[in-house]
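In: what's the 3D shape of this:
(chains A and B)
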Amino acid sequence: MLEVRFHGRGGQGAVTASKILAHAAFLEGKEVISFPFFGTERRGAPVTAFTRIDDDPILLKTQVYEPDVVVVLDQYVMKTVDVTSGMKPESTIIINSRQNPADLDVPYKTATVDATSIAMELGLGNRANPIINTAIMGALVKATRVVDLESMKEAVYEISPAKKDINVRAVMAAYGSTVSGGF
Amino acid sequence: MMKVNYTAAMMTGNEAVAQGVKLARVKFISAYPITPQTTIVEKLADMVSNSEIDARYIEVESEHSAMAAVFASELAGIRSYTATSSHGLLYMHEMLHWVSGMRLPLVMSVVNRAIGPPWNIWSDQSDSMSQRDTGWLQVYCESNQEALDTILMGYRIAEDEKVMLPLMSMEDAFILSHTSEKVELPGQDDVDSFLPELKLGFKVDASNPLGYGSYSTPDGPFMELKRDMMESMWNSKPIIRKVTSEFAETFGRDYGGLTEDFMTEDADYIIVASGTVASTTRYVASKLRKEGKKVGVVRVRYFRPFPEEEIRKAVSGASKIGIIDRSVSFGGAGALSLEIRSALFRANGPDAVSFIAGIGGRDVREIDIKNMFRMLEEGNSGNIFINSGGVS
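Out: Numbers count the residues shown, from 1 in each chain, chains lettered A, B, ... in the order given. All right, here's what the predicted structure looks like:
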């Protein structure tokens, strides 16, 4: 079983990101479950969401405490939230950041992508509230291969409520510009 | 087995329930929104306004009125539906007795949520457990698929002429209601053959006026009618088993009946639980089995009627059992524990320990369940343990 934890702020789409990943794995015939850390979805407040992926039906109904993968949609949430909590030595963290993994000094396999600039260039959201939850999925696939790029593109296309093609382009742009380090 | 058509999709528990209501061809819906039930009735209101479902939807000013509205429509012989949570369910309490006492086979969803104070919107079974004496059948679901399937089985069971009692189907707040899982949507034709139209033998009919629910002195027939309700509740057990097994033959998903047993046959230590906690307990028990520990799980689906025979049989070979309640009766124990202990006492069953866990949405973690199994194994002979782990 693969366990993924998403960290972001209310309004950034962490909950939708957890659904997109689950949908991509669902399209590959996997058993999946995705859910938010309930009740914290207030605009601007730190938000946590979870996805589990397995070959067998998923019976574990708790929050994720020992993630295999952590996705951080807002680098600055790391100042107040312990995003690496419960990570195992082999776990990977993906961070939306302009910086390179080496500059962030996180003691795990780290990948970074400037999802905010990708979203801005493609006109997803606005400067105050860029929609980065589709771009970050490209980095997630590049850094972890938890699902195929094609499944991810299809999931993003199906789940995006608008600008479907542009959201898929955001995935590919992020996939092509993800920087990995600490491996 | 019949060849069944279905489509699979990712959906939340509340979406799955709304799809079940649609497939059951419900004709009348009335509800008052409350977190975390809201997304069920939002979805149904959408379906009605898009003509996806041939039903009438009435907005009301309270849960008491919602139950009064579906009471009336059921009495007119129309398959009806409502849903609520927590304080909304408590506000319905009086009307719950009217629906069961008038023998109306209504199905309602309850998204289990804590009762304040303090205000808390998270998972807790105190709301529905406190309605156990209202004459409603009660089912506790552990997956989104079961939440959908229980709507279909629920109408079949409630509307059976040997039962004719309302049924409430429970989903744990958020852990099912707002969590996305893979759900198989059965085809409408298959559902139609499984669940025929409601034919109420005593519906209100202007051309044949009758009195309903009027008045009874101590001489009768009040006592006789209540005795009849008790007998129907007991008689519902074989109907539940029959419909569950027919559902399994038709749709390929077998929920076992009133309870579901996992690895109980040779188990020394068994935990009895309901809802999503039972699901996590199964996960933990499978892991412990791999470590050579003889543990098992009984999942209680039906709390009313109470599956006394099933539980006695499943735990008869165990040396000790634990019971997890996500609710509490202050000054007593959890409702499930009290009933199971009384059933085992009469059967000289194994010693039973009561665990109160997960109140107000506190996560019941793997480590918490492992600790419970360890306490059973270590022979703790205490009465009630409050597990307050799970704080993150």
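In: Can you get me the start-to-end distance on stretch A:153-166?
Out: 11 Å (C-alpha to C-alpha, to the nearest Å).
In: And it, what's buried?
Out: Buried positions in stretch A:153-166, judged by neighbour count with 16 or more other C-beta atoms under 10 Å in any protein chain shown: A:153-156, A:159-160, A:163. Backbone N, C-alpha and C define where each C-beta goes, glycine included.
In: From the residues you listed, pick the one nearest B:Val163.
Out: Within these, the smallest distance to B:Val163 is 41.5 Å, found for A:Ile159 (C-beta to C-beta).
In: And for the closest one, nearest residue in space, chain neighbours not counted?
Out: Distances taken as C-beta to C-beta, 6 or more residues apart in numbering or on different chains place A:Ile20 nearest to A:Ile159, at 5.2 Å, with adjacent residues excluded.
In: residues contacting the one you found?
Out: A:133-134, A:137, A:152, A:155-156, A:159 (C-beta atoms under 8 Å, 6 or more residues apart in numbering or on different chains).
In: hmm, try it at 6 Å
Out: Counting by C-beta atoms under 6 Å, 6 or more residues apart in numbering or on different chains, A:Ile20 touches A:137, A:155-156, A:159.
In: B:Glu161 - how many residues pack around it?
Out: 10 (other C-beta atoms under 10 Å in any protein chain shown).
In: Ok, B:Asp254 next?
Out: 12.
In: Check B:Glu63 too.
Out: For B:Glu63, the count of nearby residues is 26 (other C-beta under 10 Å).
In: Around chain A, pick out the residues from the stretch 101-250 of chain B.
Out: For the stretch 101-250 of chain B, the residues in contact with chain A (C-beta under 6 Å from any C-beta of the partner chain) are B:174-175, B:179-182.
In: Let's see if you can find the most crowded of those.
Out: Most surrounded of those: other C-beta under 10 Å gives B:Ile175, at 29 neighbours.
In: Reduced to three states, what does the residue nearest to it when sequence neighbours are not counted come out as?
Out: With sequence-adjacent residues excluded and distances taken as C-beta to C-beta, 6+ apart, B:Ile175 is closest to B:Thr276, at 4.6 Å. Counting by DSSP: H, G, I helix; E, B strand; the rest coil, the backbone at B:Thr276 sits in helix.
In: quick one: pLDDT of B:Thr276?
Out: Predicted confidence (pLDDT) at B:Thr276: the value is 98.
In: same deal with B:Ser381?
Out: So B:Ser381 comes in at 68 (pLDDT).
In: The longest helix belonging to chain B packs against which elements?
Out: Determined from DSSP state H, the single longest helix within chain B is helix B:222-251. Here helix B:222-251 touches helix B:144-158, going by 3 or more C-beta pairs under 6 Å, 6 or more residues apart in numbering or on different chains; DSSP states H and E.
In: Would you convert the residues of the stretch 101-250 of chain B next to chain A into TSV that also reports pLDDT, secondary structure and distance to A:Val147?
Out: Conversion of those to TSV gives the following (pLDDT from 0 to 100; DSSP: H, G, I helix; E, B strand; the rest coil; distance: C-beta to C-beta, whole Å):
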residue	pLDDT	secondary structure	distance to A:Val147
B:Phe174	95	coil	25
B:Ile175	96	coil	24
B:Thr179	96	coil	19
B:Ser180	96	strand	16
B:Glu181	95	strand	17
B:Lys182	95	strand	15
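In: Among the residues you listed, which one lies nearest to A:Gln63?
Out: Of those, the one sitting nearest to A:Gln63 (C-beta to C-beta) turns out to be B:Ile175, at 9.6 Å.
In: measure the closest one to B:Gly358 for me?
Out: According to C-beta to C-beta, to the nearest Å, B:Ile175 stands 9 Å off from B:Gly358.
In: just to revisit the earlier point, which ones among the buried residues of stretch A:153-166 lie within helices?
Out: Counting by DSSP H, those contribute A:153-156, A:159 to helices.
In: Confidence-wise, which of the residues you listed comes last?
Out: Among these, A:Ile159 has the weakest pLDDT, 94.
In: ok, now how distant is it from A:Asp55?
Out: A:Ile159 is 23 Å from A:Asp55, by C-beta to C-beta.
In: where's the residue most central in space within chain A, which helix or strand?
Out: Geometric centre of chain A, nearest residue: A:Val71, 4.3 Å, by C-alpha atoms, centre = their mean. For A:Val71, the host element (DSSP states H and E) is strand A:69-72.
In: so what strands line up beside that strand?
Out: strand A:2-9 (parallel), strand A:92-96 (parallel) (DSSP bridges).
In: B:Thr259: which of those strands is closest?
Out: Here strand A:2-9 is closest among the strands paired with strand A:69-72 (C-beta to C-beta), at 29.7 Å.
In: Can you tell me which of the contacts of A:Ile20 lies closest to B:Asp192?
Out: Lowest distance from B:Asp192 to those (C-beta to C-beta) belongs to A:Ile159, with 31.3 Å.
In: what about B:Gly213, neighbour count?
Out: 12.
In: Next: A:Pro46.
Out: The burial count for A:Pro46: 18, using other C-beta under 10 Å.
In: repeat for B:Gly211
Out: Counted with other C-beta under 10 Å, residues neighbouring B:Gly211 total 6.
In: For it, what are phi and psi?
Out: phi -90, psi 140 (degrees, to the nearest 10).
In: Could you measure from it over to chain A?
Out: 48 Å (C-beta to the nearest C-beta, to the nearest Å).
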